[in-house]
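Student: only the shape, not the letters, is given here:
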């Protein structure tokens, strides 16, 4: 028998499946890939059987090869149903068990009996090849089960399509349509055994759908399906030409070749095949390049935009503006549903959301540095794709992959792109689904990685510039405060002179009034003179109080030059309260001294220790006022409890307030220079607690500890060596 279209379709199908198996073999760790490999083996077995059955004219050999072909035909719908269950995540074990069981039963019946077809039923069909034509009910039952499993598999895929994301819908849609085309063609092979004389030309559609599904769903999950279909179509077209022309020459011109070239007739088709095989790859790649340039025109446009943005972003100094620009360009240019940037916060050891844009309902504000997907980013330094993680999780059931899948789902992330500076993960970019429903290509991810690398450098520059600017402003403020401190002596002298002048004027005026005879004055004048006297007396009282204020300022601002001396806590607090009363409204709070009066003395510098407790009381008062304003609790009153107990050779002093407290994210920064929790920058420079720690640890060789619970208050514990 010469070659015919039936045999040619079988050969093409077998070759296609062999090539696909080589590609799938690189990814057999996935359960889904293994089932798809078995599906391709089954289809390939059918192709081999069809090729040899169509080439023979011996009835016994034809029946042998058809039974061989049914080794694959029987399990094609079984493996497809299993594959569809895995893809659709509706893997019912009873459905699969029934599918494999009926397949095994039909396999035994076809291989061991002649109930389906026998050699006596073989006859020439279409004047082209031999085939058994013997319609029977048993084969019809087999066809019914075969088609039922195919329909059920498509039903599972359709259900998954209706409840999937845009990305997954796009993937399943083409899988669904590809399978539909392939099975529609494959079913034409059942016409002849059932006595329906229709040529099985549908075999030629099977290689097309095998290529589409394998490349689009398994091998190249990140490729746009349109591109995959185009490549597959070009591949089939070119290699159909390469293989088809020589076979066609043999089929239709063999007699002519034999008449002209005798026994060496085969040299001509073989030479033609060699020439076509040589130029075939060049033709394929040339056509592929042109097709891709046309299909990927839009993709290349936005990739060029992102590359240009990556180059220019290092010139932006404002961090917020930089991050907003990145997510704006990405969402608008690539047209994605959501984008967000998280950056590492060194103090809290968390990744904090800085900017987001898009439709994500409520992006998480903070992410633990030890989250599984962050560890994965640090380890592999490449983008993480949600669909890949989800697929691997379903195949392996690994708990780490489950945690990663849950994390990415909660973030609404289709892709996570890490941003590294050297070996440090500065942060990461979250990308949602493309609005077009297309998937992220490998070229897309490469461009995003370039963007992320440039962003890491730009972010560091912006952070450094922002920190330097803030530090400069705070240093200038601190210098102003220090200048006022150094001017205190001169200012106090000038103020005291004014107070002294006012006191003299008021005293002289009172003496003059008292020495004046007012007996003849009217009652109105006498009342006015009494009011003037009262006013002058008030001036004298306020002059005295003003002098005390100046004295307190001098006491507070002068550096203690006397060194360390034995002190009692009462000594320190008395002087502190004398000073703090002019800044804090003591009537609004209770200051409780909870310590024995006979406590031993500790070693300290009086002025510096008063500075320490001034800051404690001042900060506690601000926290109390803040709690009162924010929480508005009925019956709330501020309280500061100062307790002290000796412990071996140290005095342990605790200052506890019931103010608003400090937020968890600020606790580690509390002693950092220029950091302040006060609501207004006018209230503090952020140097108070830093200076306190320096005074306690450096000058007094002690220790200071801090604890706070937000909305429940703060406690400072100071340990000072006892006096000998």
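Tutor: Good, I have the coordinates. On a predicted model such as this, the values are computed, not experimentally measured, just so you know.
Student: outline the domain layout of this structure.
Tutor: 5-223, 224-295, 299-465, 488-557, 565-721 (automatic domain parsing).
Student: need these in a markdown table with mean pLDDT and mean neighbour count, can you?
Tutor: In this view, the C-beta of every residue, glycine as well, is placed from N, C-alpha and C. Converted to a markdown table, the domains of the chain look like this (pLDDT from 0 to 100; neighbours: other C-beta atoms under 10 Å):
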| stretch | mean pLDDT | mean neighbour count |
| --- | --- | --- |
| domain 5-223 | 80 | 19 |
| domain 224-295 | 68 | 15 |
| domain 299-465 | 76 | 18 |
| domain 488-557 | 76 | 13 |
| domain 565-721 | 84 | 17 |
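Student: residue contacts, residue 600?
Tutor: By C-beta atoms under 8 Å, 6 or more residues apart in numbering, the residues touching residue 600 are 646, 651, 722, 723.
Student: which of those residues lies closest to residue 139?
Tutor: Of all the contacts of residue 600, residue 139 sits closest to residue 651, with 100.4 Å by C-beta to C-beta.
Student: from residue 599, how far out is the closest one?
Tutor: Counting by C-beta to C-beta, to the nearest Å, the separation of residue 651 from residue 599 is 7 Å.
Student: for residue 496, same thing?
Tutor: From residue 496 to residue 599 the distance is 36 Å (C-beta to C-beta).
Student: with residue 122 instead?
Tutor: 115 Å.
Student: and residue 627, by the same measure?
Tutor: When C-beta to C-beta is the yardstick, residue 627 and residue 599 sit 30 Å from each other.
Student: what of residue 537?
Tutor: Separation of residue 537 from residue 599 (C-beta to C-beta) stands at 42 Å.
Student: just residue 327 next, same as before
Tutor: 60 Å.
Student: could you do residue 385 as well?
Tutor: 66 Å.
Student: can you check residue 373 too?
Tutor: From residue 373 across to residue 599, the span is 55 Å (C-beta to C-beta).
Student: same deal with residue 56?
Tutor: 112 Å.
Student: what's the answer for residue 18, then?
Tutor: Per C-beta to C-beta, residue 18 is found 92 Å from residue 599.
Student: let's verify the residue in the chain sticking out farthest from the centre: helix, strand, or coil?
Tutor: What lies farthest from the middle of the chain is residue 520; by C-alpha atoms, centre = their mean that is 92.9 Å. Here residue 520 takes the coil state, with states given by DSSP: H, G, I helix; E, B strand; the rest coil.
Student: got it, and the one 5 residues further on?
Tutor: Recorded secondary structure, residue 525: helix (three-state DSSP).
Student: not counting its neighbours along the chain, what's nearest it?
Tutor: residue 518 (7.3 Å; C-beta to C-beta, 6 or more residues apart in numbering).
Student: correct me, but the one you found touches residue 529?
Tutor: Yes - using C-beta atoms under 8 Å, residue 518 makes contact with residue 529 at a distance of 6.0 Å.
Student: intersection of neighbour lists for those two?
Tutor: Here residue 518 and residue 529 have no joint contacts, going by C-beta under 8 Å, 6+ apart.
Student: so which residues of the stretch 601-724 of the chain form helices?
Tutor: Using DSSP state H, counting those that start in this stretch, the helices of the stretch 601-724 of the chain run over residues 606-631, 664-667, 688-694.
Student: now those helices in TSV, with distance to residue 718?
Tutor: Putting the helices of the stretch 601-724 of the chain into TSV (distance: least, C-beta to C-beta, whole Å) gives the following:
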stretch	distance to residue 718
helix 606-631	7
helix 664-667	18
helix 688-694	9
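Student: nearest to residue 501, out of the ones you listed?
Tutor: Of all the helices of the stretch 601-724 of the chain, helix 606-631 comes closest under C-beta to C-beta, at 29.3 Å.
Student: other SSEs contacting that closest one?
Tutor: The contact analysis (3 or more C-beta pairs under 8 Å, 6 or more residues apart in numbering; DSSP states H and E) places helix 606-631 against helix 523-557, strand 565-567, helix 569-580, strand 589-594, strand 638-647, strand 650-657, helix 688-694, strand 713-721.
Student: I'd like the ones you listed written out as a markdown table, with distance to residue 52 added.
Tutor: Below are the helices and strands packed on helix 606-631 laid out as a markdown table (distance: least, C-beta to C-beta, whole Å):
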| stretch | distance to residue 52 |
| --- | --- |
| helix 523-557 | 105 |
| strand 565-567 | 107 |
| helix 569-580 | 103 |
| strand 589-594 | 99 |
| strand 638-647 | 96 |
| strand 650-657 | 92 |
| helix 688-694 | 88 |
| strand 713-721 | 87 |
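Student: looking at those, which is nearest to residue 337?
Tutor: Among the helices and strands packed on helix 606-631, if distance is taken as C-beta to C-beta, the winner is strand 713-721, at 43.7 Å.
Student: pull up the pairing partners for that closest one, direction included.
Tutor: Strand 713-721 has the following strand partners under DSSP bridges: strand 650-657 (antiparallel), strand 703-709 (antiparallel).
Student: so what touches the longest one?
Tutor: Taking contacts as C-beta under 8 Å, 6+ apart, the residues outside strand 650-657 that touch it are 569, 599-600, 602, 613, 616-617, 620, 623-624, 638-646, 702, 713-722.
Student: do stretch 607-621 as well
Tutor: With C-beta under 8 Å, 6+ apart as the contact definition, stretch 607-621 has outside contacts at 555-556, 558-560, 562, 567, 572-573, 575-577, 579-580, 583-585, 589, 591, 638, 640, 642, 655, 657, 659, 688-689, 691-692, 695-696, 699-700, 714, 716, 718.
Student: quote the end-to-end distance of stretch 707-721.
Tutor: 21 Å (C-alpha to C-alpha, to the nearest Å).
Student: which helix or which strand is home to residue 151?
Tutor: With secondary structure defined by DSSP states H and E, residue 151 is part of helix 137-162.
Student: helices or strands next to that helix in the packing?
Tutor: Using 3+ C-beta pairs under 8 Å, 6+ apart, the elements in contact with helix 137-162 are helix 76-88, helix 93-112, helix 166-186.
Student: the inter-axis angle of it versus helix 76-88?
Tutor: Helix 137-162 and helix 76-88 meet at an angle of 10 degrees, taking axes from the mean of the first three to the mean of the last three C-alpha atoms, to 10 degrees as the criterion.
Student: residue 337 is nearest to which of the helices of the stretch 601-724 of the chain?
Tutor: For residue 337, the closest of the helices of the stretch 601-724 of the chain is helix 664-667, at 29.6 Å, according to C-beta to C-beta.
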